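K.L.:
structure, please.
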Amino acid sequence: MQFSRLTVAVSLSSALLVTACTGADDPGTGASTSAPSAQTDDSAATSDAAASTGTGSTDAGTATTDAAASTDDASSTTVAMTTDEGEAVLGVEEAEEVATRLLDARYEAYTAPGDQLRAAQQTAYMATARTATEAEVRLRSELGLAEDAPAEELEPNVLAISREDGELPQLLLVQSVPESGVPLLHLMESRTGETEDFRIIWEASMLPGTELPTFDRRSVGTPVLRSGQGDLVEVPREALKKLATFVSFPQPEEDPGYETNGYAEAVRAAAQEQADAVAAQAGLREKNWLVSEDVKTLMFEDGSAFVIGSLLRDTTFSVNSDAVLTPPQSFLVFGEDSELTDEAVLRTSVFIGMHLPAEGQDGPPSVIAAREQLIDAWGS
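P.N.:
Okay, the predicted model is just below:
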């Protein structure tokens, strides 16, 4: 498996660095991609990496979800872990209606006319996911790439409905399969418990060779671990923090022993490539940190968990005293300085889905899904 320009932050860095090292004019669309997306929206293969998404060479057939994860009660042959069966916060049909409505709204969030676009994005998304979508659409529009927007009408497959526990938010985990063939996961949340208040709060594509274990039957509902560690090998947010540190650059000495299915290696390799390219003009470092309020944990039938969260990454170029960086147009969508003599910073939202085993189960924590989206840039 190989990834090509997997991270958008590094892809945009490439455009910045080429200008800095060669004195070339604005490279326009920046680094190009030639493979199906492995971590961002459902665009097939040709979206501009500097504009919005990262890409990876994937075998679409290897990223799968266990079919039993979404079976109705009549066809399910699995046994729930808990002896006391619960009840989902929504019926299966109602959950499917919510998922369909939001995926339709998602399409509008990319394709609505300019005067209706913001309202469409607010109808489909909220929180970090909306910030990422707004940034992507803005980049595409200002760089003349709107026609390449990764928008298509998607069919939902509801994998999990949160179990009634008297707590909020309520959650739906939904899968869709875009034309690229790489399964896309969507987490939908209602903070009020009202169906009309569900919004998409997280999206990521499954990585090659990964699969989701089975959830409890949808009518019974999926337990949500709202705090603490439960019977898992680690506290979910601590696992995400360790991953955030592990994919920083330069690479830290401590290795948590996670299986990242090529993700961490690709991020670090791309960062190293950029650092090498600009070594004479600037130093490069990357730092990731957890967005605590975005962490959600859905329990699988076997007692392990799907941990969902987002990170923020700052890719910082510290310019040497005798150097000047001239950023490309893609950088100037967010930043105002046309010449950078101190530093340039690219901020990226990183959406991560991890499988976290229960105590006594084999295998390390593993990254199942990932997506990255440039959301801001600045410098001086």
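K.L.:
list the contacts for residue 172?
P.N.:
Counting by C-beta atoms under 8 Å, 6 or more residues apart in numbering, residue 172 touches 90, 95, 98-99, 158, 160-162, 187-189, 198. C-beta coordinates here come from the backbone N, C-alpha and C atoms, glycine included.
K.L.:
can you do 10 Å?
P.N.:
Counting by C-beta atoms under 10 Å, 6 or more residues apart in numbering, residue 172 touches 88-90, 95-96, 98-99, 102, 156, 158-162, 186-190, 198, 200, 218, 222, 298.
K.L.:
next: residue 292.
P.N.:
For residue 292, the contact set (C-beta under 10 Å, 6+ apart) comprises 237, 240-241, 309-310.
K.L.:
same check, this time on residue 203
P.N.:
Taking C-beta under 10 Å, 6+ apart, one finds 40-42, 106, 125, 129, 132-133, 174, 176, 184-188, 351, 353, 369, 371, 373 in contact with residue 203.
K.L.:
the same query, at a cut-off of 7 Å, please.
P.N.:
Taking C-beta atoms under 7 Å, 6 or more residues apart in numbering, we find residue 203 in contact with 129, 184-186, 351, 371.
K.L.:
any idea which of those residues is closest to residue 304?
P.N.:
residue 185 (16.4 Å; C-beta to C-beta).
K.L.:
so what's the residue count around residue 116?
P.N.:
Using other C-beta atoms under 10 Å, residue 116 has 12 other residues around it.
K.L.:
what about it, which SS state?
P.N.:
helix (DSSP: H, G, I helix; E, B strand; the rest coil).
K.L.:
that one and residue 105: what is the separation?
P.N.:
Remark: distance between residue 116 and residue 105 (C-beta to C-beta, to the nearest Å) = 12 Å.
K.L.:
before we move on, the earlier item: now, the contacts of residue 172 that are in strands?
P.N.:
Using DSSP state E to define strands, the subset of those located there is 158-161, 186-190, 200, 298.
K.L.:
closest to residue 283 out of the residues you listed?
P.N.:
residue 187 (36.3 Å).
K.L.:
identify the bridge partners of the closest one.
P.N.:
When assigned by DSSP bridges, residue 187 has beta-bridge partners residue 173, residue 202.
K.L.:
what pLDDT does it get?
P.N.:
pLDDT recorded at residue 187 is 99.
K.L.:
check residue 23 too.
P.N.:
Confidence score, pLDDT, at residue 23: 30.
K.L.:
same question for residue 335.
P.N.:
Here the pLDDT value assigned to residue 335 is 85.
K.L.:
neighbours of it, just the number please.
P.N.:
As a burial measure, residue 335 scores 18 neighbours (other C-beta under 10 Å).
K.L.:
cool, and residue 235?
P.N.:
The burial count for residue 235: 18, using other C-beta under 10 Å.
K.L.:
next, the contact list for it, please.
P.N.:
Here residue 235 is in contact with 228-229 (criterion: C-beta under 7 Å, 6+ apart).
K.L.:
same thing but 6 Å
P.N.:
residue 229 (C-beta atoms under 6 Å, 6 or more residues apart in numbering).
K.L.:
mind checking how far it is from residue 188?
P.N.:
Distance of residue 235 to residue 188, computed by C-beta to C-beta: 24 Å.
K.L.:
picking that back up, out of the contacts of residue 292, list just those in helices.
P.N.:
Counted as lying in helices by DSSP state H, out of these, are 237, 240-241.
K.L.:
among those, who's most crowded?
P.N.:
Ranked by the number of neighbours (other C-beta under 10 Å), those place residue 240 first, at 27 neighbours.
K.L.:
could you report the neighbour count for the closest residue to residue 118 other than its chain neighbours?
P.N.:
In space, and not counting its chain neighbours, residue 118 is closest to residue 134: 7.9 Å by C-beta to C-beta, 6 or more residues apart in numbering. By other C-beta under 10 Å, 18 other residues sit near residue 134.
K.L.:
now the helices for the stretch 51-200 of the chain?
P.N.:
Secondary structure of the stretch 51-200 of the chain (DSSP state H, counting those that start in this stretch): helices at 92-111, 114-124, 127-142.
K.L.:
what residue ranges in the stretch 51-200 of the chain score low on pLDDT?
P.N.:
For the stretch 51-200 of the chain, the stretches flagged by pLDDT under 70 are 51-84, 146-151.
K.L.:
swap in 90 and give it another go.
P.N.:
51-86, 114, 140-153, 179-181 (pLDDT under 90).
K.L.:
show me what counts as buried in stretch 275-293.
P.N.:
Within stretch 275-293, the residues that count as buried by 16 or more other C-beta atoms under 10 Å are 275, 277-278, 281-282, 284, 286, 288, 290-291.
K.L.:
also stretch 319-336?
P.N.:
For stretch 319-336, a neighbour-count test (16+ other C-beta under 10 Å) marks 319, 325-331, 333-335 as buried.
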